[in-house]
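S.K.: using only what follows, build the 3D model:
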Amino acid sequence: MKGFKYSPWDFVFTCFSLPMFLLDIGLDVWAAVSFYQEKAYLSLGILLFLLIGSSLLVQTYSWLWYSYEDFESRTQAEGCLKRWQYIILHVFQLGIYIRHAGVLESSVKNMCGRNMEGAAIYLSHDLSMLRVIETFSESAPQLVLMLTIMLQDRLDLVTVVKAIGSVSAIAFTVTTYHRSLRSFLPDKQKQLLTSSVVFFFWNLLLLMSRIVALALFASVFPCYIFTHFLCSWLVLFFLAWRSKTDFMDSACGEWLYRATVALIWYFDWFNVVEGKTRVRTIFYHGYVLIDISLLVGLWCWRMITDSITEPYIALIVAIGVPAVYVVGLFFKMIYYKFYHPNICKEELKGDEAALTGKDISSREELQGYIRADEIDFKPEMLSITEEDGSPGRATRSFPEPMLRNAAVGAPQPSQPPVRCNKRMKKLAENFYS
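M.R.: Numbers count the residues shown, from 1 in each chain. Here you go, the predicted structure:
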């Protein structure tokens, strides 16, 4: 069976994820207190709306994913909770901490020699997607808000450095998500570290250009930025609906996912369907580039007509921001030209056909639909014969003791295989196939 590996680098990222998550909450509280002390109540209201809205969105996804799996526990941190306790924790916006604790517990136990690799990888995949949702529902719009306030007040070198650091953090989150997708690649298709570096830089440049353009426009037309977002989001939501996504296990969850995809698309590209997406990508980046040019063009016109800044400075910014986006597209083309493997979804790790025995042997032959991922598959179990004894298609043969034990639910003597996270598997199919 195709399996996953939990590397020491994954363990390092896991150990730092929870402290960084808590640090982010502390910085959000500090920003809210600062707005209150400065009596900037409008900015405080927008910040609280972003924080609460993002938390509700992330907790909703966490709850839905637990409910889809019937609250199956993979760690002691999750197993000590009952169904009603899950509900209470998610209502009070604490459900995400259970996931962090579960990932940390399984990672530590796995590094100490306990066989917790499957739980660590499964939970870390879900957590990486939740971080992406949180990033584009909170961190990105919050950075636009902060930059807008700084542009209206005073822009200096320290402000620029802080903005670059914040955008880099967002790009790093997207790169971490990309690392999760890489775990589905077969060993022969493993990507080098340079691919992640290039991936980080093209996301950094594209995000930087987009966020700066939005902040520039909001600094001179603060009321119209909300209209711009609403109109853009409606168009992108329509495109997400037309893409016929299939990510969640319920109709309501799928509509929520499409709305979230539209929110992510407002800032950056996100693959939502498998297959060739070149036309969709070109259309999207063309749309965003035109939108960025219009936003900075309106800002430049306002700066010049109101004599707020020197015309040549406004023109340099108006040209430079879209140029950064074009450079980001150049890095993206480099990534897809030299580093991105285009493979069939059947080649990805965690392939459903490999897990369930589809097109290999019937489930009825396995005494009541025995799942293949509950039985270790060995090469000697493979036979290629037809009914008349002649060579034919590949079929799996299982020893009677193993079938008997699996049928009655008895544990197998070998270590359990790493289970596939079907949600992240779909995203990997969208990205690589």
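
S.K.: looks to me like residue 48 is in a helix.
M.R.: Yes. Checked against DSSP: H, G, I helix; E, B strand; the rest coil, residue 48 lies within a helix.

S.K.: how much space separates it from residue 55?
M.R.: 11 Å (Cβ to Cβ, to the nearest Å). C-beta: built from backbone N, CA, C; applies to glycine.

S.K.: neighbour count winner among these two?
M.R.: Taking other Cβ atoms under 10 Å, residue 48 and residue 55 do not tie; residue 55 has more neighbours (19 against 13).

S.K.: can you give me the strands for the stretch 1-150 of the chain?
M.R.: Under the criterion DSSP state E, counting those that start in this stretch, strands are not mapped anywhere in the stretch 1-150 of the chain.

S.K.: so where's it shaky on pLDDT?
M.R.: 1-18, 20, 107, 110-120 (pLDDT under 70).

S.K.: let me see the ranges of the helices in it.
M.R.: Secondary structure of the stretch 1-150 of the chain (DSSP state H, counting those that start in this stretch): helices located at 8-37, 41-68, 76-79, 83-91, 95-111, 117-134, 140-153.

S.K.: so which of those is nearest residue 214?
M.R.: Among those, the nearest to residue 214 by Cβ to Cβ is helix 140-153 (4.9 Å).

S.K.: run the chain-centre distance for stretch 135-151.
M.R.: Centre-to-centre, stretch 135-151 and its host chain are 19 Å apart (Cα atoms, centre = their mean, to the nearest Å).

S.K.: residues of that stretch that come out buried?
M.R.: For stretch 135-151, the neighbour count (16 or more other Cβ atoms under 10 Å) marks 135-151 as buried.

S.K.: so residue 250 touches residue 64, yeah?
M.R.: Yes. Counting by Cβ atoms under 8 Å, residue 250 does reach residue 64; the two are 7.1 Å apart.

S.K.: neighbour count: those two, which is higher?
M.R.: Per other Cβ under 10 Å, whichever of residue 250 and residue 64 has more neighbours is residue 64, with 18 against 12.

S.K.: ok, that one touching residue 254?
M.R.: No. Proximity of residue 64 to residue 254 does not meet the contact threshold set by Cβ under 8 Å, at 10.3 Å.

S.K.: list the residues that contact both of those two?
M.R.: Both residue 64 and residue 254 are in contact with residue 248, where contact means Cβ atoms under 8 Å, 6 or more residues apart in numbering.

S.K.: pick the most buried one from the helices of the stretch 1-150 of the chain.
M.R.: Mean neighbours per residue, mean count of other Cβ atoms under 10 Å, is largest over the helices of the stretch 1-150 of the chain for helix 117-134, with a mean of 23.

S.K.: measure the residue sitting nearest the centre point of the chain to residue 195 for me?
M.R.: Nearest to the geometric centre of the chain sits residue 129, at 3.3 Å (Cα atoms, centre = their mean). Counting by Cβ to Cβ, the separation of residue 129 from residue 195 is 20 Å.

S.K.: and what of residue 348?
M.R.: Note on residue 348: its distance to residue 195, by Cβ to Cβ, is 17 Å.

S.K.: domain ranges for the chain, per the record?
M.R.: 1-147, 191-341, 347-423 (automatic domain parsing).

S.K.: nearest to residue 430, out of those?
M.R.: Across the domains of the chain, residue 430 has its closest neighbour in domain 191-341 (4.1 Å, Cβ to Cβ).

S.K.: chain center to the closest one: distance?
M.R.: Domain 191-341 sits 16 Å away from the centroid of its parent chain (Cα atoms, centre = their mean).

S.K.: now it: average pLDDT?
M.R.: Domain 191-341 comes out with an average pLDDT of 91.

S.K.: so who does residue 329 touch?
M.R.: With Cβ under 8 Å, 6+ apart, residue 329 has these contacts: 202, 206, 285, 289.

S.K.: could you look up the SS state of it?
M.R.: Per three-state DSSP, residue 329 ends up helix.

S.K.: adjust the sequence numbering to begin at 30 for everything that follows.
M.R.: Okay, residue one is now 30; in that scheme the one you just asked about reads as residue 358.

S.K.: so what does residue 279 have for phi and psi?
M.R.: Torsion angles at residue 279 (phi, psi; degrees, to the nearest 10) stand at phi -140, psi 160.

S.K.: show me what contacts it?
M.R.: Contacts of residue 279 (Cβ under 8 Å, 6+ apart): 93, 97.

S.K.: could you do residue 223 as well?
M.R.: The contact partners of residue 223, taken as Cβ under 8 Å, 6+ apart, are residue 368.
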